[in-house]
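Participant: got a structure for you, letters missing:
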């Protein structure tokens, strides 16, 4: 679009290479962890036959839904015609790609047989929402890459129609992708914590929130590296407003999800477990997800004395991401920890941990693999903004 | 896949959809001959045992290369009133037959079949029953498997193809019966007809290698030979089979039938 100038990251050597080296080291640790898991089996993780998806899935799903939301700026600019968001569109697109690649890397490396990735890419069962998600993820990468090209190519970027078309496709695709990711859980009829259609819109809401928080943090990091103010006060206030709306949206869907479950007596057990009796899981829900991830950032953003400060918006974004990881932990791990209801109304015991709340403690390899996914995303972003004009010019 | 189409137990035993070699054919023929003799002997034993003799008809054995069809639907009827407290003969038999065992890691060890103790919290009444893959007609594990590694044979037996299982564990998330296990550690001393592998998911195969050669599952055999005779195996689609007659005549229960999975395992006296 004419009239908008972009720039590559111009940072002092240490400010660029330092974080890059840190990310590379975390990635190396993550790959090492994946090797150990592959070589020794998942026995080295905290996962078991009760908690079959552990910390790597928490990170993977977190990054994947954040990837969809990171495209917010580009979508608002091209689909909804808000020109003031346009300077952030390129960064949001590359962040989106990077987060998805990071999430998918964790997902693949946590497979029992990651060496069979080619099987997963060539052998499909189209009744599986998981299989559909493989198409959605790969398709998203292709579409957002094309979108980035359309935004950056001199000739293609002159065509508003082309930008709107590809941007519109990316917008629809990201909604479908997040619906698909939420449905991985929402369509599981066997487990008390899932089996809920609302998980699809809940995941859309969390994607909008996490993605925006990542964008704000990315702008802050690159701004710190380049010693520039990449988002002016006016834009930061817009980000603040969006963060408030998205936090409330996530809170609303979470509330409705639990209220719906609580209304049906068959779900009393799972709700008591998640909200009151679940020990660590309950603490993570109330303290990390609700308090740190929703209430505190909301207060920071709406309180007049702090809400307009840049630091408050940045801190709120960081808290939102901490709360986001906690939310994924509660959904994925606490959801599995509650036992299957084989005989409703009866007490069941067995040698296979039936009828018992499952314990789970994340192991170091799992944590390293999950953090490795975040580092992959950050590394891709860092290299991309260094090599390509993806960043907005400093705010005036 | 090494043999062009999915085999019974993930392509290792040659008992599936016709990938057995000539050597295997000879072995199968010998096994069938042996089984004919064994079945004849069993038939003469007594009323209780004849229950499974009816359904272990060697004529049900498929010829090598013969396709599995929906003409059969293999299933189980388990009379819970005959399951004694503390009895685990079916579990032990399954372990011996299929080679899974306790390795000292109860959280991660595989369990293809387990005994559940169910207690009514209101009156304290308890009962025990064996729980394994329910071989559903509408198996959620098959629906969710991204690669189709989880599959249902035409005769209703639900299996995992060990060549295409990527170890995503989504089937374990989806199974309402907690019937599946993930292999967390390297394995040794596997049975050739029951291949297992680190990083893949597994569950009860209904002893498909035995069924295909006209025999009954090991758990059923052990229960009838050494325990209370609680388990009956047979063809639910054959109106003349003992299991079909009983399922028609008796009041039976299927676990979590409300989920619409249409399990092939029926329970009586729950």
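Facilitator: Perfect, thanks for sending it. Bear in mind that the values here come from a model prediction, so they are computed numbers and not experimental data.
Participant: Tell me how many other residues surround the residue in the stretch 101-250 of chain B that chain A sits nearest to.
Facilitator: At 1.8 Å from chain A, residue B:167 is the closest residue in the stretch 101-250 of chain B, using CB to the nearest CB. C-betas here are computed from N, CA, C, even on glycine. Neighbours of residue B:167 under the rule other CB atoms under 10 Å in any protein chain shown: 21.
Participant: Leaving out the residues flanking it, which one is nearest to it?
Facilitator: residue A:112 (1.8 Å; CB to CB, 6 or more residues apart in numbering or on different chains).
Participant: Give me the secondary structure label for the one you found.
Facilitator: Following DSSP: H, G, I helix; E, B strand; the rest coil, we place residue A:112 in the coil state.
Participant: Counting neighbours, show which residues of the longest helix along chain A come out buried.
Facilitator: Longest helix in chain A, counting residues (DSSP state H): helix A:233-263. Buried residues in helix A:233-263, counted by 16 or more other CB atoms under 10 Å in any protein chain shown: A:235-236, A:238-240, A:242-244, A:246-247, A:249-251, A:253-254, A:257-258, A:261.
Participant: In the chain, what helix or strand scores lowest on average pLDDT?
Facilitator: Answering for chain A, as no chain was given. Ranked by mean pLDDT, DSSP states H and E, the helix or strand of chain A with the weakest confidence is helix A:304-307, at a mean of 75.
Participant: nope, chain B please
Facilitator: Going by mean pLDDT, DSSP H and E, chain B bottoms out at helix B:47-55, a mean of 39.
Participant: Now do the next helix or strand after the least confident helix or strand of chain A against helix A:233-263: the angle between them, please.
Facilitator: Counting by DSSP states H and E, the next helix or strand C-terminal to helix A:304-307 is helix A:310-329. Helix A:310-329 runs at 30 degrees relative to helix A:233-263, counting by axes from the mean of the first three to the mean of the last three CA atoms, to 10 degrees.
Participant: From the chain's centre, how far out is helix A:310-329? Work that out for me.
Facilitator: Averaging C-alpha positions (CA atoms, centre = their mean, to the nearest Å) puts helix A:310-329 12 Å from its chain's average.
Participant: and the following helix or strand past that helix, what other elements does it pack with?
Facilitator: Per DSSP H and E, the first helix or strand lying C-terminal to helix A:310-329 is helix A:335-337. With contacts taken as 3 or more CB pairs under 8 Å, 6 or more residues apart in numbering or on different chains; DSSP states H and E, helix A:335-337 sits against no other helix or strand.
Participant: what does the stretch 151-270 of chain B put close to chain A?
Facilitator: B:164-170, B:172-178, B:181-186, B:198-201, B:255-256, B:259 (CB under 8 Å from any CB of the partner chain).
Participant: Now with 7 Å, please.
Facilitator: Within the stretch 151-270 of chain B, the positions near chain A by CB under 7 Å from any CB of the partner chain are B:164-170, B:172-178, B:181-182, B:184-186, B:198-200, B:255-256, B:259.
Participant: quick one: the helices in chain B?
Facilitator: Under DSSP H, chain B gives helices at B:22-43, B:47-55, B:89-98, B:140-144, B:170-174, B:208-211, B:218-226, B:242-249.
Participant: And for the stretch 101-250 of chain A?
Facilitator: A:117-122, A:129-152, A:160-186, A:199-226, A:233-263 (DSSP state H, counting those that start in this stretch).
Participant: pLDDT below threshold where in the stretch 251-396 of chain A?
Facilitator: Along the stretch 251-396 of chain A, the model assigns pLDDT under 70 to residues A:307, A:395-396.
Participant: Residues of it that sit close to chain B?
Facilitator: Within the stretch 251-396 of chain A, the residues that sit near chain B (CB under 7 Å from any CB) are A:340, A:342-343, A:346-352, A:354.
Participant: which outside residues touch stretch A:346-364?
Facilitator: Stretch A:346-364 is touched from outside by A:44-46, A:50-51, A:54-55, A:273, A:333, A:336-339, A:342, B:111, B:114-121, B:178, with contacts defined as CB atoms under 7 Å, 6 or more residues apart in numbering or on different chains.
Participant: okay, now residue A:22: neighbour count?
Facilitator: That count, for residue A:22 with other CB under 10 Å as the rule, works out to 13.
Participant: scratch that, residue A:371 is what I was asking about
Facilitator: Neighbours of residue A:371 (other CB under 10 Å): 19.
Participant: where's it relative to residue A:28, distance?
Facilitator: For residue A:371, the distance to residue A:28 equals 11 Å [CB to CB, to the nearest Å].
Participant: Kindly report the same for residue A:79.
Facilitator: In terms of CB to CB, residue A:79 sits 39 Å off from residue A:28.
Participant: Which of the two has more residues huddled nearby?
Facilitator: Between residue A:79 and residue A:28, counting by other CB under 10 Å, residue A:79 is the more crowded of the two (17 against 13).
Participant: The more buried one: what's its closest spatial neighbour, skipping adjacent residues?
Facilitator: residue A:171 (4.8 Å).
Participant: pLDDT wise, what is that neighbour at?
Facilitator: Residue A:171 carries a pLDDT value of 96.
Participant: Report how many residues lie close to it.
Facilitator: Neighbour tally, residue A:171, other CB under 10 Å: 21.
Participant: Check the one 5 residues further on too.
Facilitator: By the criterion of other CB under 10 Å, residue A:176 has 18 neighbours.
Participant: how much space between it and residue A:78?
Facilitator: Counting by CB to CB, the gap from residue A:176 to residue A:78 is 18 Å.
Participant: Pull up the per-residue confidence for residue A:230.
Facilitator: Confidence score, pLDDT, at residue A:230: 89.
Participant: hmm, I was thinking of residue B:270
Facilitator: Looking at residue B:270, the pLDDT reads 89.
Participant: ok, now residue B:56?
Facilitator: pLDDT at residue B:56 comes out at 52.
Participant: In terms of mean pLDDT, which of the helices of chain B ranks lowest?
Facilitator: helix B:47-55 (a mean of 39).
Participant: So what's the residue count around the closest residue to chain B within chain A?
Facilitator: At 1.8 Å from chain B, residue A:112 is the closest residue in chain A, using CB to the nearest CB. Residues lying near residue A:112 (other CB under 10 Å) number 24.
Participant: Would you mind confirming that it is in contact with residue B:197?
Facilitator: No: using CB atoms under 7 Å, residue A:112 makes no contact with residue B:197, being 8.6 Å away.
Participant: what residues are shared contacts of those two?
Facilitator: What both residue A:112 and residue B:197 touch, as defined by CB under 7 Å, 6+ apart, is an empty set.
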